[in-house]
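# just to be clear, the model below is a prediction. Sequence and coordinates:
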Amino acid sequence: MKIPSSIWTLLIGIVLTLASLWYGQNHGLLPTAATDEAVLVDGLFNAMMIISTGIFLLVEGILIYSAFKYRRRAGDNEDGPPVEGNVPLEILWTAIPAIIVIGISVYSFDVYNEIGGFDPHAIHEAPMHQESMAMPGSAMAATLSDTPPSTEPNLNQEKSDEAMQDPATAEVRNADQIPQLRNASGVGIVAPTIGGSPDQAGKPAGLQVNVTGLQYAWIFTYPETGITTSEMHVPIGREVQINMTANDVIHAFWVPEFRLKQDAIPGRQSEIRFTPKKAGDYALICAELCGPYHGAMRASVVVETEEAFDKWQQEQLVASKETLNQAVAVNPANLSPNEFLAPYTKDMGIQPEMLHQIHK
């Protein structure tokens with residue numbers, strides 16, 4: 001009994017759909033999703049993987065079938081039939097990709113909005129001026145160079161001043177040496193920003209961390225406690241706002257498990273928000289070529305429970321106080337030369353008595 005072609009088409013379609021759905025959800029190409037935002041990004045990636053797998057299997061399957069079915073047989077020296085265009089088929093294979101692209105665009109726009117990357121009101125917060133309307137590419141240019149003088153508030157300067165109110169941040173940033181560039185007139189805020197999700201819009205984040213990038217290290221300061229550290233600790237379930245800039249060249253804050261990346265630009269105050277959801281020790285990587293030792297510019301980001309985070313904060317505060325007390329208690333001016341040099345000469349095999357004899 002010959003199976004109708006319509007049945008074959010249905011069976012092949014079911015197999016392709018099931019195979020695409022399975023692989024799209026089990027590809028294993030992404031690292032751990034450690035933030036709420038990562039789940040949204042992974043959903044978009046998986047959807048694109050499902051569609052891509054289905055298209056790949058369909059196209060390659062037709063290609064292999066056609067190569068086998070219509071191969072040249074032995075003794076067949078005739079030309080192939082002259083096949084001209086097929087208008088319905090051309091419309092079909094043009095309409096389907098167009099629908100797929102539009103669908104992915106709408107989905108990706110929604111994900112970008114949900115993670116706080118799009119603020120439809122930002123453009124309306126800054127008035128549109130005639131000169132900005134005649135200045136193509138102003139938003140892109142404004143990220144690289146300053147804009148003409150303006151009477152509007154310098155939002156980058158305001159954010160920088162706010163961050164510099166924290167003494168710990170002021171110690172590591174050179175804001176007095178790098179001018180805070182203005183936003184392009186009439187195009188809103190062009191400093192890189194991924195703000196809060198729509199349900200968190202207008203609300204302060206649960207934790208503020210000031211991040212400073214410099215060749216070739218990341219420095220983290222916590223304005224609420226005055227802690228300065230070379231590794232970032234954040235608690236699970238609390239929204240974190242990263243306020244960052246760079247002291248020298250452009251760097252990029254990238255934690256693959258967070259699915260978020262943001263540039264740290266000299267003269268610009270970048271912002272990024274995320275909510276950690278899975279405990280672990282993750283690598284912060286600079287994703288912008290920043291010099292010969294760019295590959296070594298890494299730091300640790302520790303996601304931990306609220307209790308562990310509070311304990312870490314207390315340990316940091318105690319450690320900083322003990323360091324300060326030691327610095328005050330040990331005044332080099334009050335030490336003799338052999339007492340001052342003893343910690344350094346001990347490993348060299350030089351005895352204190354010998355130093356005492358030399359300085360007699």
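Great, that's in hand. Numbering: from 1, shown residues only.

# give me the contacts around stretch 304-321.
Stretch 304-321 is contacted from outside by 222, 225-229, 233-238, 279, 302, using Cβ atoms under 8 Å, 6 or more residues apart in numbering. Where you see a C-beta, it was placed from the backbone N, CA and C, and this is true even at glycine.

# what about the residue nearest the centre of the chain, which SS state?
By Cα atoms, centre = their mean, the chain has its centre lying nearest to residue 261, at 1.3 Å. Of the three states, residue 261 takes strand according to DSSP: H, G, I helix; E, B strand; the rest coil.

# in what helix or strand does the closest residue in space to it that isn't next to it in sequence lie?
Using Cβ to Cβ, 6 or more residues apart in numbering and skipping residues adjacent in sequence, the residue nearest residue 261 is residue 254, 4.2 Å away. Applying DSSP states H and E as the criterion places residue 254 in strand 251-255.

# so which elements touch that strand?
Other helices and strands packing on strand 251-255, by 3 or more Cβ pairs under 8 Å, 6 or more residues apart in numbering; DSSP states H and E, are strand 207-214, strand 260-264, strand 280-286.

# so which of those gets nearest residue 242?
Residue 242 lies closest to strand 207-214 among those, at 5.3 Å (Cβ to Cβ).

# and the closest one with strand 260-264, angle?
Angle of strand 207-214 versus strand 260-264, following axes from the mean of the first three to the mean of the last three Cα atoms, to 10 degrees, is 60 degrees.

# who does strand 207-214 touch, helix- and strand-wise?
helix 167-172, strand 217-222, strand 232-235, strand 240-246, strand 251-255, strand 260-264.

# residue 293 is nearest to which of the ones you listed?
Across the helices and strands packed on strand 207-214, residue 293 has its closest neighbour in strand 217-222 (9.8 Å, Cβ to Cβ).

# pLDDT weak spots in the stretch 101-250 of the chain?
For the stretch 101-250 of the chain, residues meeting the criterion pLDDT under 70 lie at 118-152, 183-192.

# swap in 80 and give it another go.
117-156, 175-176, 179-202 (pLDDT under 80).

# please enumerate the helices of it.
122-125, 130-133, 138-142, 155-164, 167-172 (DSSP state H, counting those that start in this stretch).

# please report how far residue 71 lies from residue 24.
Distance, residue 71 to residue 24, by Cβ to Cβ, to the nearest Å: 33 Å.

# comparing those two, which residue is more hemmed in?
Legend: neighbour count by other Cβ atoms under 10 Å for residue 71 and residue 24, higher for residue 24 (18 against 8).

# thank you, goodbye.
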